[in-house]
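A.B. asks: Structure for this input, please:
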Amino acid sequence: MNNLAVTLVQYSMVWEKPRENLRKVYSLIKQNIKKTDIIILPEMFSTGFTLNVKNNFGSMRSPVIKWMKEISAEFKCAVCGSLTVKEKKKYYNRLIWAEHNKDLKYYDKRHLFSFVNEDMNFTPGNSKVIIDYKGWKILPLICYDLRFPVWSRYNNDYDMIIYVANWPERRSYAWKSLLIARAIENQSFVIGVNRTGTDNDGIYHSGDSSVIAPDGKILFTASDNEIVFTIVLKHTNVKLFRRKFPFLKDRDKFKIN
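C.D. replies: Take a look at the predicted model:
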């Protein structure tokens, strides 16, 4: 009951070329897709992680979001991934959750990567978002958010965390370790979807997209190849594990300003 088929799409992006990236993603999905409930794309899936916001933004009615709705309709599933969105003269690294014939849902990246001045180009989000989908409660987060456990802390509110990312190979140990840590401390499924290949700044990305069980076991991890991988997760596994090991009742409470 309430099993969820989740598809991870990991690929090398064409720098600041949305049409080429959308064609590539569609081809990968079309050739490799199985029946699924969610297609998960990486951070800034249509452009690569660019800070050239003025030339690479869209609105909530952009062709890229329209494409997401079309993919949702064709494959009868939800589609999520982040892109640059401009709203009221501000730019956001925004994760879009698209379902055919339903209102869009979105989450704005809270933790902006100041190491490369993301915070100088984007406005941070100020609220967590929980998405109710097919009996599951899902917490969507973006890349650098992974380093900040208080922001993702379980508060009787979700079953799964999804991280979409452009995480470089040079810090892949942190990526893999923190995905496991977030799963263990929250007794939650954790899914991380990253890109592969070298970006316009010469930074290599090794992929390492992963699915982690609530006990921290790795159910799937990718290498640096382009892949479309579908896994079926059981909702009962979360409930039973939390019931068997009720560690979360002893957790500290945090107040985020």
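
A.B. asks: What helix or strand is Thr50 located in?
C.D. replies: For Thr50, there is no helix or strand it lies in under DSSP states H and E.

A.B. asks: need the helices for the stretch 101-250 of the chain, in chain order.
C.D. replies: 118-121, 172-186, 235-244 (DSSP state H, counting those that start in this stretch).

A.B. asks: Please name whichever of the ones you listed is nearest to Tyr26.
C.D. replies: For the helices of the stretch 101-250 of the chain, the distance to Tyr26 is smallest for helix 172-186, at 26.6 Å, taking Cβ to Cβ. Just so you know, the C-beta spots here come from the backbone N, C-alpha and C atoms, and that holds for glycine as well.

A.B. asks: which residue is nearest the centroid of this protein?
C.D. replies: Nearest to the mean C-alpha position of the chain, by Cα atoms, centre = their mean, lies Val164 at 2.6 Å.

A.B. asks: Quick check, it in contact with Ile38.
C.D. replies: No: applying Cβ atoms under 8 Å, one finds Val164 not in contact with Ile38, separated by 11.7 Å.

A.B. asks: which of the helices of the stretch 101-250 of the chain sits most buried?
C.D. replies: Neighbour counts (mean count of other Cβ atoms under 10 Å) averaged over each of the helices of the stretch 101-250 of the chain peak at helix 172-186, with a mean of 19.

A.B. asks: Just want the angle from it to helix 235-244.
C.D. replies: Put simply, helix 172-186 runs at 70 degrees to helix 235-244, going by axes from the mean of the first three to the mean of the last three Cα atoms, to 10 degrees.

A.B. asks: for helix 172-186, the distance to its chain's centre please.
C.D. replies: For helix 172-186, the separation from the chain centroid amounts to 14 Å (computed by Cα atoms, centre = their mean, to the nearest Å).
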